[in-house]
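J.: Could you work out the structure for the sequence below:
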Amino acid sequence: QVQLVESGGGLVQAGGSLRLSCAASGRTFSSYHMGWFRQAPGKEREFVAAIHRSGSFVYYADSVKGRFTISRDNAKNTVYLQMNGLKPEDTAVYYCAAASNSRYYTGDRAVYDYWGQGTQVTVSS
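T.: Residues are numbered from 1 along each chain as shown. Here you go, the predicted model:
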């Protein structure tokens, strides 16, 4: 079992930045690939970014490429999402998730085994 807790969400103006954190407890964090997803009101949960368990490989949705950066610190059992150049369309609840499946990079929600409770990000225009 892995417990995930997100933090760092909030209200920011367009063009601003936020850094989300996801702290993991339970089984060995470094055994899991990690992903960030988001869900806006009335929309399906969508893939944002993913990172290999080693931290060596990262993947992004086209909508955030060049603006968001995913990283992890296995010594601290934490994965991060640095979000720069935020836009109103980035407004959503952001979730982190853990996957043991090697297809984590596809962004398929079904591949992920554990999910956090989410943190709200609101970008005002």
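J.: The most centrally placed residue in the chain bridge partners, please.
T.: The centroid of the chain falls nearest to Trp36 when counting by CA atoms, centre = their mean (2.1 Å). Assessed by DSSP bridges, Trp36 has beta-bridge partners Ala49, Cys96.
J.: Let me know whether it touches Tyr95 as I believe.
T.: Yes - with contact defined as CB atoms under 8 Å, Trp36 counts as touching Tyr95 (7.1 Å). Quick note: C-beta positions are derived from backbone N, CA and C, even for glycine.
J.: What are the neighbouring residues in contact with the residue nearest to the centre of the chain?
T.: Trp36 makes contact with Leu20, Cys22, Val48, Ala49, Ala50, Ile70, Val79, Leu81, Tyr94, Tyr95, Cys96, Ala97 under the criterion CB atoms under 8 Å, 6 or more residues apart in numbering.
J.: Just name the closest of the residues you listed to Val58, please.
T.: Closest approach between the contacts of Trp36 and Val58, by CB to CB: Ile70, at 5.4 Å.
J.: Settle this for me: the closest one is touching Met83, isn't it.
T.: No - the pair Ile70 / Met83 is not scored as a contact, 10.0 Å apart, by CB under 8 Å.
J.: Just want to know which of these two has more residues nearby.
T.: Taking other CB atoms under 10 Å, Ile70 and Met83 do not tie; Met83 has more neighbours (26 against 22).
J.: Roughly how far does the more buried one sit from Thr91?
T.: Using CB to CB, to the nearest Å, Met83 is found at 11 Å from Thr91.
J.: so what's in contact with those two at the same time?
T.: Val121.
J.: just to revisit the earlier point, of the contacts of Trp36, closest to Gln120?
T.: Taking CB to CB as the measure, Gln120 lies nearest Tyr94 of those, at 7.8 Å.
J.: The closest one - that's part of a strand, no?
T.: Yes - assessed with DSSP: H, G, I helix; E, B strand; the rest coil, Tyr94 lies in a strand.
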